[in-house]
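Asks: model the following, please.
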Amino acid sequence: MSIVAKVYRGSIVDLTHIGHVAVTDTKGNILHSVGNPKRVTYIRSSAKPIQALVALESGAVDAYGLTQKELAIFCASHNGELEHTNTIEGILKKAGLGVEFLQCGTHPSLNPNVAKELEAEGVVLNNANNNCSGKHSGMLLGTKYLGEDLQTYLNINHPVQQRILNAISEICEYPKEEIVIGTDGCGVPVHALPLFKYAQGIAKLSKPEVFDELRAKNVTRVIDAMVTYPYMVAGRDRVCTDLMEVCKGRIFAKLGADGYYAMGIRNEGIGITCKIEDGKIPIVEALAVHVLYKLGFISKTEFNALERYHKIEVKNHRGEIVGRTEFDFQI
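Replies: Below you'll find the model as predicted:
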């Protein structure tokens, strides 16, 4: 058991958060760790860069004339802001599809302020507002381009899901039959494997030359899209967007639901995965930023610029600060 964060209310520790971190190179060597780096867990939306890669490798992205900005949203857990939904609708239109083809369901924005704004404006949410609509659009475009069934693309036995499963297995160098399959919040298959193996996959994405020439070119396109258009990957007041903007393309980052986070140090061949056992998103986001700083991957200036994500205060209903969260771990 590894406690990575302690929440103080007044003078005593009121809550603790257990977490795990794996820092891995392209060969799968564990360079640094916290807790259990071999903990098997669902990678959730942190898989989206690989899912975007599969869409690109299908030929659909080029066939339908998508831009880098549109490719970036395939990697997104976005806020459902107007820029996001307009982009999704534009992508689908290029392939002769509409929002009705998305099977991800809908929900209020991941950003509470955006959710309030959309409600105040009387916006009727549709599936394009779902934070995973970019991923689903990528799946649909590949499916449409290859002449496959558009109605069953969520099924693990559908060719697009098999392509994704194969890609995760290949890139992470982890047996396909050992990847545990569940169902994600948006209805598609979700994949579980050890933290350090997905960190290895992220490390390889950060150093594309480890792949053959064609895959290296496509990996570069996906990661370039993420760091060039970080707003499309998340949106306003989101750590993925702000981290990639602050680090000016040196680091790519992708949140996963229920306390998962993945980051790649570009050109270094280093991947980092984090997991918080209780699934608290603010805690895993803060943990990720602290790990980057402790290992020297971001400067003090960059760390300070991300303070809103790593300095977590406890407030009461009157808005008064009544406690704090301290991150105290060895890595």
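
Asks: how near is the most centrally placed residue in the chain to I18?
Replies: Residue closest to the average C-alpha location in the chain (CA atoms, centre = their mean): K254, at 2.8 Å. Separation of K254 from I18 (CB to CB, to the nearest Å): 22 Å. Glycine gets a C-beta too; all of them are placed from N, C-alpha and C.

Asks: and the residue nearest to the centre of the chain, helix, strand or coil?
Replies: Three-state assignment for K254 (DSSP: H, G, I helix; E, B strand; the rest coil): strand.

Asks: quickly list what it is bridged to.
Replies: On the basis of DSSP bridges, K254 is bridged to A262.

Asks: residue contacts, the residue nearest to L146 when sequence neighbours are not counted?
Replies: The shortest distance from L146 to any residue other than its chain neighbours is 6.0 Å, reached at S58 (CB to CB, 6 or more residues apart in numbering). With contact set as CB atoms under 8 Å, 6 or more residues apart in numbering, S58 has these partners: 141-142, 145-146, 160, 163.

Asks: let's go with 7 Å and repeat that
Replies: Going by CB atoms under 7 Å, 6 or more residues apart in numbering, S58 touches 142, 145-146.

Asks: cool, I50 as well?
Replies: Counting by CB under 7 Å, 6+ apart, I50 makes contact with 164, 167-168, 171.

Asks: next SSE downstream of the helix ranked longest in the chain?
Replies: Across the chain, the longest stretch assigned as helix under DSSP state H is helix 213-228. For helix 213-228, the succeeding helix or strand toward the C-terminus, using DSSP states H and E, is helix 230-233.

Asks: which neighbouring elements make contact with the helix or strand just after that following helix?
Replies: Next helix or strand after helix 230-233 toward the C-terminus (DSSP H and E): helix 239-246. Under the contact criterion of 3 or more CB pairs under 7 Å, 6 or more residues apart in numbering; DSSP states H and E, helix 239-246 touches helix 230-233, strand 251-256.

Asks: so which of those comes closest to A216?
Replies: Relative to A216, the nearest member of these by CB to CB is strand 251-256, separated by 15.5 Å.

Asks: can you pull out the helices in the chain?
Replies: Per DSSP H, the chain has helices spanning 48-57, 60-63, 68-73, 82-94, 112-120, 133-145, 159-172, 195-206, 213-228, 230-233, 239-246, 281-294, 300-305, 307-310. These are given in chain order.

Asks: could you redo the ones you listed as CSV and give each row mean pLDDT and distance to E178?
Replies: As requested, the helices of the chain are exported to CSV (pLDDT from 0 to 100; distance: least, CB to CB, whole Å):
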stretch, mean pLDDT, distance to E178
helix 48-57, 98, 17
helix 60-63, 98, 29
helix 68-73, 98, 30
helix 82-94, 98, 34
helix 112-120, 94, 38
helix 133-145, 98, 23
helix 159-172, 98, 9
helix 195-206, 98, 9
helix 213-228, 98, 22
helix 230-233, 98, 29
helix 239-246, 98, 28
helix 281-294, 98, 24
helix 300-305, 98, 37
helix 307-310, 96, 34
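
Asks: just put the ones you listed in JSON lines and tack on distance to I181.
Replies: Listed next are the helices of the chain as JSON lines, based on distance: least, CB to CB, whole Å:
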{"stretch": "helix 48-57", "distance to I181": "14"}
{"stretch": "helix 60-63", "distance to I181": "24"}
{"stretch": "helix 68-73", "distance to I181": "25"}
{"stretch": "helix 82-94", "distance to I181": "26"}
{"stretch": "helix 112-120", "distance to I181": "31"}
{"stretch": "helix 133-145", "distance to I181": "16"}
{"stretch": "helix 159-172", "distance to I181": "8"}
{"stretch": "helix 195-206", "distance to I181": "15"}
{"stretch": "helix 213-228", "distance to I181": "23"}
{"stretch": "helix 230-233", "distance to I181": "25"}
{"stretch": "helix 239-246", "distance to I181": "25"}
{"stretch": "helix 281-294", "distance to I181": "23"}
{"stretch": "helix 300-305", "distance to I181": "37"}
{"stretch": "helix 307-310", "distance to I181": "31"}
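
Asks: looking at the ones you listed, spot the one closest to R266.
Replies: Using CB to CB, the helices of the chain put helix 195-206 closest to R266, at 5.0 Å.

Asks: tilt between that closest one and strand 251-256?
Replies: Helix 195-206 and strand 251-256 meet at an angle of 140 degrees, taking axes from the mean of the first three to the mean of the last three CA atoms, to 10 degrees as the criterion.

Asks: what would helix 195-206 look like as CSV? C-alpha coordinates only.
Replies: Provided in CSV are the C-alpha atoms of helix 195-206 (Å, rounded to 0.1, in the frame of the first residue of the first chain):
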residue,chain,number,x,y,z
LEU,A,195,0.7,0.1,-15.4
PHE,A,196,4.3,-0.4,-16.5
LYS,A,197,3.3,-2.0,-19.8
TYR,A,198,1.0,0.9,-20.8
ALA,A,199,3.8,3.2,-19.7
GLN,A,200,6.1,1.3,-22.1
GLY,A,201,3.6,1.9,-24.9
ILE,A,202,3.5,5.6,-24.1
ALA,A,203,7.3,5.7,-24.0
LYS,A,204,7.3,4.2,-27.5
LEU,A,205,4.8,6.8,-28.7
SER,A,206,7.1,9.5,-27.4
